[in-house]
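> Sequence and computational prediction follow.
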Amino acid sequence: MARKFFVGGNFKMNGTLSSIKEIVDNLNKAELDSNRDIIEVVVSPPALYLLPTREHLKKEIEVAAQNVFDKPNGAFTGEISVSQLKDSNITWTILGHSERRTILGESDEVVSTKTKYATDNGLGVIWCCGESLEEREAGNTISVITKQLDSLKSKNPDWSKIVIAYEPIWAIGTGKVATTEQAQDVHKAIRDWLKGVSDKVSDETRILYGGSVNENNCAELSKQPDIDGFLVGGASLKPAFVKIINCHQ
Ligand SMILES: O=C(CO)COP(=O)(O)O
């Protein structure tokens, strides 16, 4: 089955009303492959800017939160619910980004529980996994990712709502991109692991690469058989993001 190429832009905690408007204007003007319905594009601004982004961005590009909570509503200061996102036409969220796992202390259990809740309630989830440099050098890359995936599987989420982003922590924001072989090897291992869920899930789930993706390295990465798109950080804030969206031939 052909998997539709997926490019996400994770703005992280960057931008202002005016700089995000500039990014949106630039995307609105650009000739994107998504216009021809061959690529799915999703941008993820900070929570404060979700609504103006959704309001001004052309409809073929979707908008994602960077986090969501696993309760319907109530006394959860500082959190945003799935239904509030959906009410605002925000159709995706990122979950389990390494910055939330390491800086905000989100465990596998927390990330898996949120993913289960979000997918069961109809929100798309860009679910992130990845190893640290220390873990890679110790030869533990696949076991670290398998542990993260096992935790997710134990919650029995709706896999049709999940896109997996493999983001080696050592490649995030460092300019040190994984080689095409390093990325493809891990993507293939994830694809093989997904067979344990079902052949259909393995076949249909998009697996994105994230970590120092830019307009110069994206084309080569996108040729790998198990790389189905990107989750782009820094470069998604720049005009070059359009080139990354359009790099897949
Ligand atoms: O963390 C990332 C996307 O979620 C990757 O960030 P960079 O593209 O800035 O390395």
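Right, received. Where do you want to start?

> what pairs with Asn10 across the strands?
The bridge-partner assignment for Asn10, based on DSSP bridges, gives Ser44.

> residues near the residue of the chain found nearest the ligand, how many?
When distances are taken as C-beta to the nearest ligand atom, the chain reaches nearest to the ligand at Gly233, 2.2 Å away. Yep, even glycine has a C-beta here, placed from its N, CA and C like the rest. The tally of other residues near Gly233 (other C-beta atoms under 10 Å) stands at 23.

> wait, what's in contact with it?
Listed by C-beta atoms under 8 Å, 6 or more residues apart in numbering, the contact set of Gly233 reads 10, 12, 172-173, 210, 213.

> How about the residue in this protein that sits furthest from its center?
With C-alpha atoms, centre = their mean as the measure, the chain has its most outlying C-alpha, relative to the mean C-alpha position, at Ala75: 28.1 Å.

> Quick one: distance of stretch 80-89 to the chain centre.
Averaging C-alpha coordinates over stretch 80-89 and over its chain gives two centres that are 18 Å apart (C-alpha atoms, centre = their mean, to the nearest Å).

> What pLDDT is listed against the residue of the chain closest to the ligand?
According to the prediction, Gly233 has pLDDT 98.

> swap in His56?
Looking at His56, its pLDDT stands at 98.

> Now the phi/psi pair for it, please.
Backbone dihedrals for His56, given as degrees, to the nearest 10, come out at phi -100, psi -20.

> Need phi/psi at the nearest residue to it once chain neighbours are set aside.
Nearest-residue entry for His56: Val24, 4.9 Å, with adjacent residues in sequence omitted and distances by C-beta to C-beta, 6 or more residues apart in numbering. Recorded main-chain torsions at Val24 are phi -60, psi -40, according to degrees, to the nearest 10.

> picking up where we left off before, buried subset of the contacts of Gly233, written for ChimeraX?
Those of the contacts of Gly233 that meet the burial criterion (16 or more other C-beta atoms under 10 Å) are gathered into one ChimeraX selection, given here:
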select :10,12,172,210,213
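
> For the contacts of Gly233, which two are the farthest from each other?
In the contacts of Gly233, the most distant members under the criterion C-beta to C-beta are Lys12 and Val213, with 14.0 Å between them.

> Span of stretch 65-80 from start to end?
One end of stretch 65-80 to the other measures 9 Å (C-alpha to C-alpha, to the nearest Å).

> element containing the residue nearest the centre of the chain, please.
The centroid of the chain falls nearest to Ile126 when counting by C-alpha atoms, centre = their mean (3.9 Å). Under the criterion of DSSP states H and E, Ile126 resides in strand 124-129.
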